[in-house]
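Trainee: 3D model of this:
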Amino acid sequence: MSYTSNHHKNVLELWNEGFQGKVKDNCLVFDNAKGKGSIKKFVFEKEGYEILIFDFNLKEDLSFYREIDFENQYVGIKFTYPGVTKMVSTYLQNDEYSDISNGSFGVICTNFSGQMEWSYNKGVDNKIIIIRIKKTRFLEFSQQYETTRVLLDLSKSFFVFEDLNLLMTWYVDEIFRCDETELFHKERLQAISSGLINRFFMSIASRELPNTKDELNKLSRPVLETYEILKKTLDRVIPIEEITREVGLSESRLRYLFKQAFGASVSNYHQKLRLEKSKELLKQNHKTNLQIAMDLGFSSASHYSVAFKKCFKETPNEYRKRIIR
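Mentor: Alright, predicted model coming up:
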C-alpha cells in the first residue's frame with residue numbers, strides 16, 4: 001500500500017487507502033475483508049496538535065508505505081501498548097534498509113524524512129494513539145531543555161524510543177476510556193492528551209546527553225541491532241560481551257548509546273522484554289510460574305516473581321487472577 005505526499009488529502013483519507021472504509025466527520029470506519037475497526041481524529045488547533053485514535057483488528061497483514069513527512073508541518077509521537085500492538089517499520093537511508101520492530105517499547109517519535117513502511121499483523125487488537133504536533137509547537141516543547149534540543153533536533157533525522165511508563169499508560173488508558181457521549185468530552189480529551197505530551201517530553205528531558213555529535217549520530221544502527229538481539233533472545237540472560245561482538249561496539253560505548261535511545265540499560269531493558277513475554281504465558285495459563293521463570297532465563301520462581309512485581313506493581317499470581325476470570 002502506497003502513501004504519497006498529497007497535501008489535498010487529509011490524514012484519514014491517506015490511512016483509508018489501506019483500510020478501504022468510509023471517512024466521515026473526522027472518523028474512518030471499516031468492516032470488510034481487511035478487518036474491522038476505526039480511526040478517530042480530534043483537532044486542537046489552539047494547542048497546535050491533533051490526535052488519531054486507532055482501534056482495529058485485521059483479517060490480513062497490512063502494510064503502509066509512504067514518505068513519513070507527507071505533511072511537513074507535523075511531528076508524530078506514536079503510543080502503543082507494549083507486547084500488544086505488533087508492527088515493524090522499514091526505512092530507507094543512504095540506499096540501505098533497516099528495520100525498527102515496535103512490539104515491546106511503547107513510544108516512538110521520529111522526524112525521519114525518507115521512505116518508511118509500517119506493517120500491522122492480523123489477529124491483533126491494535127490500540128494506538130498518534131499525536132501529531134505542529135512543528136512550531138513541537139519546537140516550543142523541545143527547546144525548553146538541552147536534552148530535548150539535542151535528541152529531538154528537527155534540523156536532523158532522529159528516532160527516539162521510550163517505554164510507556166505507568167503514568168503515560170494511565171493517560172493512554174484514559175484516552176480510550178473517553179466517552180464521546182459525555183459532556184465536555186473534547187475538553188477532557190484535550191486535558192488528558194496534553195498531560196501525555198508533557199510526560200513524553202519530561203521523560204526525554206531526564207536522559208543524559210551523548211558527549212559528542214559523533215556519538216549522537218551512532219544512536220541508530222548498533223542500538224537497533226542490539227534491540228533485535230534482545231527481542232529474539234528471551235530464554236536467557238545475554239552477556240554484554242556477546243552483544244558487543246555482534247554489533248561491533250565496545251561494551252562501554254554500547255551501554256552508553258543504548259541508554260540514550262531507550263532510556264534504560266541493556267540488562268534492564270532485556271529483563272523488561274522477558275517480563276513482557278511472561279505476561280503472554282501467564283494469559284495462556286498453561287504453565288506454572290516456575291516453568292515460565294525457567295523458560296525465560298530467571299534463576300528461580302521467586303526471582304521471577306520479585307522482578308515481575310517490581311516492574312508491574314503486582315505479582316505474577318495477582319496478574320494471572322486478574323486477567324483470567
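
Trainee: my read is that residue 27 contacts residue 41, right?
Mentor: Yes - Residue 27 is within contact range of residue 41, at 7.2 Å (criterion: C-beta atoms under 8 Å). In this view, the C-beta of every residue, glycine as well, is placed from N, C-alpha and C.

Trainee: more crowded one of the two?
Mentor: Neighbour count, other C-beta atoms under 10 Å: between residue 27 and residue 41, residue 41 has more, with 19 against 16.

Trainee: elements contacting the host helix or strand of the more buried one?
Mentor: Of the helices and strands defined by DSSP states H and E, residue 41 is found in strand 35-44. Helices and strands touching strand 35-44, by 3 or more C-beta pairs under 8 Å, 6 or more residues apart in numbering; DSSP states H and E, are helix 11-19, strand 27-32, strand 49-58, helix 185-205.

Trainee: adding mean pLDDT, write these out as JSON lines.
Mentor: Conversion of the helices and strands packed on strand 35-44 to JSON lines gives the following (pLDDT from 0 to 100):
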{"stretch": "helix 11-19", "mean pLDDT": "87"}
{"stretch": "strand 27-32", "mean pLDDT": "95"}
{"stretch": "strand 49-58", "mean pLDDT": "94"}
{"stretch": "helix 185-205", "mean pLDDT": "93"}
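
Trainee: between these, which gets nearest to residue 320?
Mentor: Residue 320 lies closest to strand 49-58 among the helices and strands packed on strand 35-44, at 24.1 Å (C-beta to C-beta).

Trainee: if we can go back for a sec, list residues touching both of residue 27 and residue 41?
Mentor: Listed as contacting both residue 27 and residue 41 by C-beta atoms under 8 Å, 6 or more residues apart in numbering are residue 12.

Trainee: and of the helices and strands packed on strand 35-44, who's closest to residue 175?
Mentor: With C-beta to C-beta, the closest approach to residue 175 among the helices and strands packed on strand 35-44 belongs to helix 185-205: 5.6 Å.

Trainee: can I get the helices and strands packed on strand 35-44 in a markdown table including distance to residue 325?
Mentor: Listed next are the helices and strands packed on strand 35-44 as a markdown table, based on distance: least, C-beta to C-beta, whole Å:
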| stretch | distance to residue 325 |
| --- | --- |
| helix 11-19 | 33 |
| strand 27-32 | 28 |
| strand 49-58 | 21 |
| helix 185-205 | 28 |
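
Trainee: of all those, which lies closest to residue 308?
Mentor: Residue 308 sits nearest to helix 185-205 of all the helices and strands packed on strand 35-44, at 22.5 Å, using C-beta to C-beta.

Trainee: that older thread, roughly how far out does the strand holding residue 41 sit from the chain middle?
Mentor: 18 Å (C-alpha atoms, centre = their mean, to the nearest Å).

Trainee: repeat that for stretch 184-198.
Mentor: That offset, for stretch 184-198, works out to 20 Å (C-alpha atoms, centre = their mean).

Trainee: could you list the buried residues of that stretch?
Mentor: 188-190, 192-193, 196-197 (16 or more other C-beta atoms under 10 Å).

Trainee: check stretch 242-255 too.
Mentor: Quick answer for stretch 242-255 (16+ other C-beta under 10 Å): 243-244, 247, 249, 254-255.

Trainee: which residues outside that stretch are in contact with it?
Mentor: 215, 222, 225-226, 229-230, 240-241, 257, 265-266.
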